[in-house]
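*Asks:* Mind looking at a prediction? Sequence and model below.
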Amino acid sequence: MKNLRTVLIVAVFVGRSLACSAMDYLEAEQKWADEETFLFQCLSTNPEKETVLVKAFEKKLKQRYRNLMLITQTLNIRTQNIEKANADKAPIFRFGTGFHGYEGTFARFEGAFPTDAQIDSVCTSPVKKEIIRFLDAKKVVLLVLSGKDAKTNRAFMRCAEKGKRMVSDILNMSSEIVECKLDDPREKYLVRNIFMKNNVPRPGILIVFGRGKGLHFVDDPSNEIIILDVMQMTNNKTNAQSRDLEARLLLDMRSPWK
């Protein structure tokens, strides 16, 4: 039965895999860059004054993280419906992601520019460093997000392992498994970014490739086939059609030393 299942999998996917000899990371990211941007926003009662400081801060930030893709904005806090009640806390600084008309905030600081330590906690973490190591090697990462239930965690880890084997056997593509615990305080900004759209962190597998592109959140541990299917879509001929897979970027998933 197991051999028959393997034959069926090959029959379904091998036709498409022949056209997908390699993933074109850079071409994909050039297309996404205009639609999905990182935002650093300063909400101020004196935006003209703060604009000069924000530009200086942006320059410093990009020197510290040379590959960081970032757009800065200085806004009048009194024009912001959600934040105008917090004008007494200004300036307020927010890190967020904008994609397909949606904007969300995953890090927020009040009263003063974030310190170097605060910025580092947003831009780096142990899991991010591990992901970067594999992405630099042109490998796809299966990011297993683990919750409090050990049985569920084991099920998603087995799903990732099965998906990794299928991707290797059928597509001849390299992938690595990285685990991230949802309640790890060092990973809180990474977790907030991943779940910014629905704001409900939960166990699952996020497929990450290129310079930090996330394609599809696998929430069914019995559905390892979807890992194979999504990996089919990471080449330059099909990624434009994969927007329905909850595409998102993860902040600064590139080596800061390159």
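*Replies:* Arrived safely, thanks for sending.

*Asks:* Mind listing the residues bridging to Val144?
*Replies:* Glu179, Ile205 (DSSP bridges).

*Asks:* in the stretch 1-150 of the chain, which spans are strands?
*Replies:* Assigned by DSSP state E, counting those that start in this stretch, the strands in the stretch 1-150 of the chain fall at 36-44, 71-76, 92-99, 102-110, 140-146.

*Asks:* Quick one, which of those strands gets closest to Ala56.
*Replies:* strand 71-76 (10.5 Å; Cβ to Cβ). For every residue, glycine as well, the C-beta is placed using N, CA and C.

*Asks:* So which residues lie in contact with that closest one, not counting its own?
*Replies:* 37-45, 47, 50-51, 54-55, 57-58 (Cβ atoms under 8 Å, 6 or more residues apart in numbering).

*Asks:* and the angle from that strand to strand 36-44?
*Replies:* 30 degrees (axes from the mean of the first three to the mean of the last three Cα atoms, to 10 degrees).

*Asks:* how about strand 71-76: buried residues?
*Replies:* Buried residues in strand 71-76, counted by 16 or more other Cβ atoms under 10 Å: Thr72, Thr74, Leu75, Asn76.

*Asks:* Next, the contact list for Ile205, please.
*Replies:* Per Cβ under 8 Å, 6+ apart, neighbours of Ile205: Leu142, Leu143, Val144, Leu145, Phe156, Cys159, Ala160, Gly163, Phe217, Val218, Ile227.

*Asks:* ugh, typo on my part, it should be Leu145
*Replies:* Leu145 touches Phe156, Cys180, Leu182, Val191, Ile194, Pro201, Arg202, Pro203, Gly204, Ile205, Leu206, counting by Cβ under 8 Å, 6+ apart.

*Asks:* Ranking by neighbours, what's the top pick from those?
*Replies:* Highest neighbour count within the contacts of Leu145: Ile205, with 26 neighbours (other Cβ atoms under 10 Å).

*Asks:* How much space separates that residue from Thr97?
*Replies:* 20 Å (Cβ to Cβ, to the nearest Å).

*Asks:* Grab the nearest non-local neighbour of Gly111.
*Replies:* Leaving aside its sequence neighbours, Gly111 sits nearest to Lys89 (Cβ to Cβ, 6 or more residues apart in numbering; 6.2 Å).

*Asks:* right, and the one you found touches Glu110 too?
*Replies:* Yes. Counting by Cβ atoms under 8 Å, Lys89 does reach Glu110; the two are 4.5 Å apart.

*Asks:* give me every residue that touches Val54.
*Replies:* Here Val54 is in contact with Phe40, Cys42, Thr72, Thr74 (Cβ under 8 Å, 6+ apart).

*Asks:* and of those, the nearest to Met173?
*Replies:* Nearest to Met173, judged by Cβ to Cβ, of these is Phe40 at 34.4 Å.

*Asks:* Next up, the contacts around the closest one.
*Replies:* Phe40 sits in contact with Val54, Phe57, Glu58, Leu61, Leu70, Ile71, Thr72, Gln73, Phe93, Arg94, Phe95, where contact means Cβ under 8 Å, 6+ apart.
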